[in-house]
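In: Structure, please.
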Amino acid sequence: MIIDKIENFGAYLGLHKNFIRVFDFLKSSDLSKLACGRHTIDGDNLFVNIDAYTTQSVQKLEAHRRYIDVQMVIQGAEKMGYAHIGYTKSKSTYDEAKDIVFLDGNADIFTVDASLFLIFYPQDAHIVGDHPQQVKKAVFKVKMI
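Out: Okay, the predicted model is just below:
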């Protein structure tokens with residue numbers, strides 16, 4: 001898991017060949033003006049989901065196998081958490097169609113606002129949610145290659 005200021009995203013471009021495309025998209029797009037839903041950048045290899053919602057206090061740890069998540073809060077702030085998947089236990093079977101598995105475990109919790117980005121790799125279980133508040137969020141889905 002990586003957490004850093006958005007202005008430092010360029011330092012991570014070498015970690016995956018499509019991170020440069022995320023970076024270019026960020027430079028050329030105003031995320032706050034994008035409509036909710038999926039925005040395709042390169043088919044199933046790279047896309048961004050924009051969502052606006054009210055956070056909830058009860059969430060589950062989740063992890064993915066096929067995609068890296070690059071998450072950014074666009075408006076508001078949200079509590080997020082991280083746990084290495086090796087310290088969790090499966091709570092569900094892996095759903096291949098949705099690329100998700102739910103897990104039990106303890107997560108380190110931190111507050112994420114619009115100045116930060118997070119990168120969650122397949123070994124990074126993550127969780128969101130806290131007391132109800134409105135957020136708008138971008139989740140770039142970067143296919144593992």
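
In: Where does the residue most central in space within the chain fall, secondary structure wise?
Out: Nearest to the geometric centre of the chain sits Q71, at 3.3 Å (Cα atoms, centre = their mean). Using DSSP states H and E, Q71 maps to strand 67-75.

In: packing partners for that strand?
Out: Counting contacts by 3 or more Cβ pairs under 8 Å, 6 or more residues apart in numbering; DSSP states H and E, strand 67-75 packs against strand 108-113, strand 116-120, strand 134-143. Heads up, the C-betas are built off the backbone N, CA and C, glycines and all.

In: hey, which of the ones you listed is tucked in deepest?
Out: Scoring the helices and strands packed on strand 67-75 by mean neighbour count under mean count of other Cβ atoms under 10 Å gives strand 116-120 as the most buried, with a mean of 21.

In: which residues touch that one?
Out: Applying Cβ atoms under 8 Å, 6 or more residues apart in numbering, the contact partners of strand 116-120 are 1-6, 9, 12, 15, 63-64, 68-73, 80, 82, 112, 126.

In: And the helices in the chain?
Out: 19-28 (DSSP state H).

In: so where's it uncertain?
Out: 58 (pLDDT under 70).

In: try it again with 80
Out: 57-59, 129-131, 145 (pLDDT under 80).

In: need the contact list for I100.
Out: By Cβ under 8 Å, 6+ apart, the residues touching I100 are 62-64, 94.
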